[in-house]
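Colleague: Provide a 3D model corresponding to the input given below.
(4 chains)
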There are 2 protein chains.
Amino acid sequence: MTISDPGPIRLAILDSDSGFVRVLVNRADSIGWQHRHLESAPRPEEFGAMRVNALVVDLGLLGPGGWDFLEQVADTVPGLGIVVVTGRSSVAQRVRGLRLGADDWIAKPCHPEEVLARVEAVTRRRRQANSRIDQAPVVAAELEIRADQFQAFASGRSVDLTRREFEVLQLLAGAEGKVLQREEIYQQVWGYAMAHGDRSVDVFVRKLRQKLEGGSPGWRYIHTHFGVGYRFDPEPLDGVGEVLDAEDASPATVDGAAPAGFALR
Amino acid sequence: MTISDPGPIRLAILDSDSGFVRVLVNRADSIGWQHRHLESAPRPEEFGAMRVNALVVDLGLLGPGGWDFLEQVADTVPGLGIVVVTGRSSVAQRVRGLRLGADDWIAKPCHPEEVLARVEAVTRRRRQANSRIDQAPVVAAELEIRADQFQAFASGRSVDLTRREFEVLQLLAGAEGKVLQREEIYQQVWGYAMAHGDRSVDVFVRKLRQKLEGGSPGWRYIHTHFGVGYRFDPEPLDGVGEVLDAEDASPATVDGAAPAGFALR
DNA sequence: TCGGGCTGTAAAAGGGTTGTTAACGGCGTT
DNA sequence: AACGCCGTTAACAACCCTTTTACAGCCCGA
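Modeller: Now for the predicted structure:
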């Protein structure tokens, strides 16, 4: 999952220039970055599975197909920072690359320290935005979400979520009170862009609702916003008379600042 | 306005190299970017007020104090993309700048097209990362409009708007006090031109009025301007006649150009 | 005051979205 | 190799929303 603590930067390097790669990898190691060296272009969505934050790629290596590759990676994995490195290049080429989705473009020969500094700059924003949203309120109503176990507990009892289910729940809960669009959810959890017509998110929400209801009846956690997406907001479900006292109060909106969150439909 | 339209890029340029600035401004104009040219460094927080997306700055212009300035701007204005442009520079300087918060660093002389492409790349990434976080709720009378939830709240209780209803309300409220013509509203919300005779806007205004009245009686929010369009302006509705005179005042500005007929109801 | 055009209002029609279920297939385990 | 778990995909029904249509009421100019 793209979320959870910032952690070290994870870098993918797609280049066959062994000298360049070696020195880059050395520097990366010494500052604690994780990295993965690729000799040939993988399918774009694989970068999502690798959970890398940024890609350093030598477009020269890919030949004419490089442009397509760049474009596909950029819109398949929106969260990925892309730093292109090449030998000689023209202004027109650089402009084209940047427009297609590259975040930076560096000419070889270049100092590895600068490459890393640029990767860091490219990565900076996204990571700070994510870390803010994700250090989720670990508890919500009767739910406790434990990232260390990839599990959620309702009143102390495990809800028995699968990995994907847990990730979806963690993401939603981490953005408590906010409506997340399906595309955002998919992008964050799966790591790459959602195909048109994909219903996976709906199916997982359905499974989550079912399991949460099983472990914590009396509460509704996930709300649907028709035509938009889903929102996590624990809400007591005063169906019949129960929870007589001191309970229904304050659904406790968290997040930024908020009026009482509430049931839409 | 499907979900949120970023609008054109707004650029601040801090440089005294008139030739460079002139050519940059020309290109920016021709692609529809808005810009602002500064000769000296403003206080960092001013960039927020200028509502610019990115800053192109020649660090050479600022001398030794440039580093501090860079750092302060980066810390103070989180949403701002910073592109540094300089004459000769060393790897160490570039690394330092990037680490302090610069998003890109370009050496002069450089092609204006590349500068703009880099600004675009920086802005693209920035917008993506910041899109869902700093959305201040809009408040008007008893209403609170929250973009992060696609919802409006009246006295803390959800008004339960559908997506379209919300978008129409958001648009109107965002132009508080201004009369918006049906065509404008339709164009903004639906994203394309309104067909002749389409009554959709009327119908949505009707629904909005109904729901707003339900959640916040005692206030009238949307006013009709016969032959023109609608205007959002919260107005207390205390039952009995009062404020006998002082009525004809405030003609309420009509955005573009408009026929004159009137009468608020 | 009259008439045409504009707006308010209601309700039907239709299409798009979501809920829900189940079959399918990959993958790791037994 | 068989089994079971899990994620994906397809299908269908239910539901919600938007659009369309119709008619009544209102405003304004003639």
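Colleague: Could you give the backbone dihedrals for A:R206?
Modeller: A:R206 has phi and psi values of phi -60, psi -50 when expressed as degrees, to the nearest 10.
Colleague: Report how many residues lie close to it.
Modeller: Counted with other Cβ atoms under 10 Å in any protein chain shown, residues neighbouring A:R206 total 12. All C-beta atoms are positioned from the backbone trio N, CA, C, and that covers glycine.
Colleague: Now name the helix or strand holding the residue of the stretch 1-150 of chain A found nearest DNA strand C.
Modeller: As assessed by Cβ to the nearest atom of the strand, DNA strand C sits closest to A:A49 within the stretch 1-150 of chain A, at 11.2 Å. Following DSSP states H and E, one finds A:A49 within helix A:46-50.
Colleague: roughly how far apart are the residue of the stretch 1-150 of chain A closest to DNA strand C and B:T162?
Modeller: Look at A:A49 and B:T162: by Cβ to Cβ, to the nearest Å, they are 37 Å apart.
Colleague: How about A:Y230?
Modeller: Taking Cβ to Cβ, one finds A:Y230 at 16 Å from B:T162.
Colleague: what's the answer for A:V179, then?
Modeller: Note on A:V179: its distance to B:T162, by Cβ to Cβ, is 13 Å.
Colleague: of the two, who's got more company?
Modeller: Higher neighbour count among A:V179 and B:T162: A:V179, with 24 against 18, using other Cβ under 10 Å.
Colleague: so which strand or helix has the nearest residue to that one once chain neighbours are set aside?
Modeller: What sits nearest to A:V179 in space, not counting adjacent residues and going by Cβ to Cβ, 6 or more residues apart in numbering or on different chains, is A:R231, at 4.5 Å. Element membership for A:R231, per DSSP H and E: strand A:229-236.
Colleague: so who does A:V21 touch?
Modeller: A:V21 is in contact with A:13, A:15, A:37, counting by Cβ atoms under 8 Å, 6 or more residues apart in numbering or on different chains.
Colleague: Over to it. Which of the three states is it?
Modeller: helix (DSSP: H, G, I helix; E, B strand; the rest coil).
Colleague: Can you tell me how far it is from A:L61?
Modeller: In this view, A:V21 and A:L61 are 11 Å apart by Cβ to Cβ.
Colleague: same deal with A:I31?
Modeller: 25 Å.
Colleague: More neighbours: which of the two?
Modeller: Using other Cβ under 10 Å, the more surrounded residue of A:I31 and A:L61 is A:L61, with 18 against 11.
Colleague: That one touches A:I13, doesn't it?
Modeller: No. The criterion here is Cβ atoms under 8 Å, and A:L61 misses it with A:I13 at 10.9 Å.
Colleague: Just the terminal-to-terminal distance for stretch A:77-88.
Modeller: One end of stretch A:77-88 sits 27 Å from the other (Cα to Cα, to the nearest Å).
Colleague: Give me the average confidence score over it.
Modeller: Averaging pLDDT along stretch A:77-88 yields 94.
Colleague: Enumerate the positions of that stretch that are buried.
Modeller: Neighbour counts over stretch A:77-88 (16 or more other Cβ atoms under 10 Å in any protein chain shown) mark A:77-86 as buried.
Colleague: ok, which stretches of the stretch 51-200 of chain A are strands?
Modeller: A:54-58, A:81-86, A:104-107, A:139-140, A:143-146, A:151-154, A:157-158, A:179-181 (DSSP state E, counting those that start in this stretch).
Colleague: wait, which of the ones you listed is closest to B:A102?
Modeller: Smallest distance to B:A102 across those (Cβ to Cβ): 11.4 Å, for strand A:104-107.
Colleague: how about the closest one against chain B, any contact?
Modeller: Yes. Using Cβ under 8 Å from any Cβ of the partner chain, strand A:104-107 comes into contact with chain B via A:D104.
Colleague: So which elements touch that strand?
Modeller: If contacts are counted by 3 or more Cβ pairs under 8 Å, 6 or more residues apart in numbering or on different chains; DSSP states H and E, strand A:104-107 sits against strand A:81-86, helix A:91-100, helix A:112-134.
Colleague: contacts for that strand?
Modeller: Residues outside strand A:104-107 that contact it (Cβ under 8 Å, 6+ apart): A:82-89, A:94, A:97-98, A:114-115, A:118, A:121-122, B:104, B:118, B:121.
Colleague: Neighbouring strands - and their directions - for that strand?
Modeller: Strand pairing for strand A:104-107, using DSSP bridges, gives strand A:81-86 (parallel).
Colleague: what about the partner strand, distance to the chain center?
Modeller: For strand A:81-86, the gap between its own C-alpha mean and the chain's C-alpha mean amounts to 21 Å (Cα atoms, centre = their mean, to the nearest Å).
Colleague: Show the pLDDT at the closest residue to A:H35 other than its chain neighbours.
Modeller: Excluding the flanking residues, the one nearest A:H35 by Cβ to Cβ, 6+ apart is A:L11, at 4.4 Å. Turning to A:L11, the model gives it a pLDDT of 96.
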